[in-house]
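*Asks:* Everything below, folded, please.
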Amino acid sequence: MVSWRSRTRPPQIYTTSTVSPTVKTRVILDCDPGHDDAIAILLAAADPSAELLAVTTVAGNQTLDKTTANALKVLTLAGRTDVPVAAGCDRPLARELVTAPKIHGMSGLDGASLPEAAFSADPRHAADLIAEIALSSDEPLVLVPTAPLTNIATLIMREPEIGRRIARIVWMGGAIGEGNTTPSAEFNAYVDPEAAEAVFASGIPITMVGLDVTHQALYTRKDAQDIRLLGNPVASTVADLLDFFRGSYLAQFGLGGCPLHDPCAVAEALHPGMVATSPMRVEVETSGVWTRGRTVCDRRGAWGKAPNADVGVHLHVDAFKAYVAQGLSRYGR
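*Replies:* I've put the predicted structure just below:
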């Protein structure tokens, strides 16, 4: 039985070089790169506490062909062509695809020069690749979806017992408060609310790292400059991505910084406690005219239903920014 409890203690990491590369979390990223997805991949690929088993892609920030090409390019930049990449669903379960070119550009990764991919995508569907890895593994996996949950819902529908092989899902998506695509909904939840509903109903332990957390991870011009000063090609590329991403957020939302949404989920998945959470019942709105994709979080137990998620309420910002800087600095070693 899942035990839901609040985690509020700040993580004891990245203040000194105490991370042991012998203790590894077996993790799969499911993403739709996307500027913040790209940075999330780079951090997971360099983290000595992670065994990055695969990167799977889904349509979201851009169409599936573009998100898959972007994942291959980012892993090529990271020097991690050993990590398999598999494309998944090219549209939501029951709706037309909505993409985000005003935020991520027409390529999905506008603003930076990325290398051409040095390897090709795995021919298997993303859900099938995740299932094969999970079912053949001695240890349960951690899934980190930073995109619409279409692939994960498809996985659950194809393999109803897969939950036994998944230790935890850490999803970047949703919000307790206001959305960023509509007043009610965050983008990933809005694009495929039916998939989100299925995942929250699955019984698999899930941590929701939503906008309430990720907007605490604002990266300003100064932050991008500091990353550029790390002085390696990967860090320079990330600084370029941040410059474009920050410009998008200034133009669309009037913000002086860009939130690093998806790296927050990676940081929490690999170093639990980076995000303080509270147990809540989360239901996803699929039929509302004005509230499609709303993640309705029962903070006070008004429904009398058992919690089905740990919901992020606070980010340990200093620890997170130290994590990002140290992760990107590894590419200079």
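*Asks:* R294 touches G288, doesn't it?
*Replies:* Yes - if you go by Cβ atoms under 8 Å, R294 and G288 touch, sitting 6.7 Å apart. All C-beta spots, glycine's among them, are computed from the backbone N, C-alpha and C.
*Asks:* got any residues that touch both of the two?
*Replies:* The contact sets of R294 and G288 overlap at S184 (Cβ atoms under 8 Å, 6 or more residues apart in numbering).
*Asks:* And these two? Which one has more around it.
*Replies:* Between R294 and G288, R294 has the larger neighbour count (other Cβ atoms under 10 Å), namely 24 against 13.
*Asks:* Which residues are in contact with that one?
*Replies:* Contacts of R294 by Cβ under 8 Å, 6+ apart are G179, S184, A185, A189, V284, E285, G288.
*Asks:* my guess is the first one meets P193, correct?
*Replies:* Think G179. No - the pair G179 / P193 is not scored as a contact, 11.5 Å apart, by Cβ under 8 Å.
*Asks:* what sits in contact with each of the two?
*Replies:* A185, G293.
*Asks:* Mind naming the longest strand for the chain?
*Replies:* Ranked by number of residues, the top strand in the chain under DSSP state E is strand 275-284.
*Asks:* Wait, A319 touches E268, no?
*Replies:* No - using Cβ under 8 Å, A319 makes no contact with E268, being 10.8 Å away.
*Asks:* These two: which is more packed in?
*Replies:* Between A319 and E268, E268 has the larger neighbour count (other Cβ under 10 Å), namely 28 against 18.
*Asks:* In space, what's closest to that one - neighbours in sequence excluded?
*Replies:* V275 (4.3 Å; Cβ to Cβ, 6 or more residues apart in numbering).
*Asks:* State the distance from the one you found to G293.
*Replies:* Distance of V275 to G293, given as Cβ to Cβ, to the nearest Å: 21 Å.
*Asks:* coming back round to it: G179 and P193: who's more crowded?
*Replies:* A direct count of neighbours by other Cβ under 10 Å for G179 and P193 places P193 higher, at 27 against 21.
*Asks:* list the contacts for the residue positioned nearest the centre of the chain?
*Replies:* In the chain, the centroid-proximal residue (Cα atoms, centre = their mean) is T146; its distance is 2.6 Å. Counting by Cβ under 8 Å, 6+ apart, T146 touches 29-32, 34, 36-37, 40, 171-173, 188, 261-262, 265-266.
*Asks:* Fine, thanks again, bye for now.
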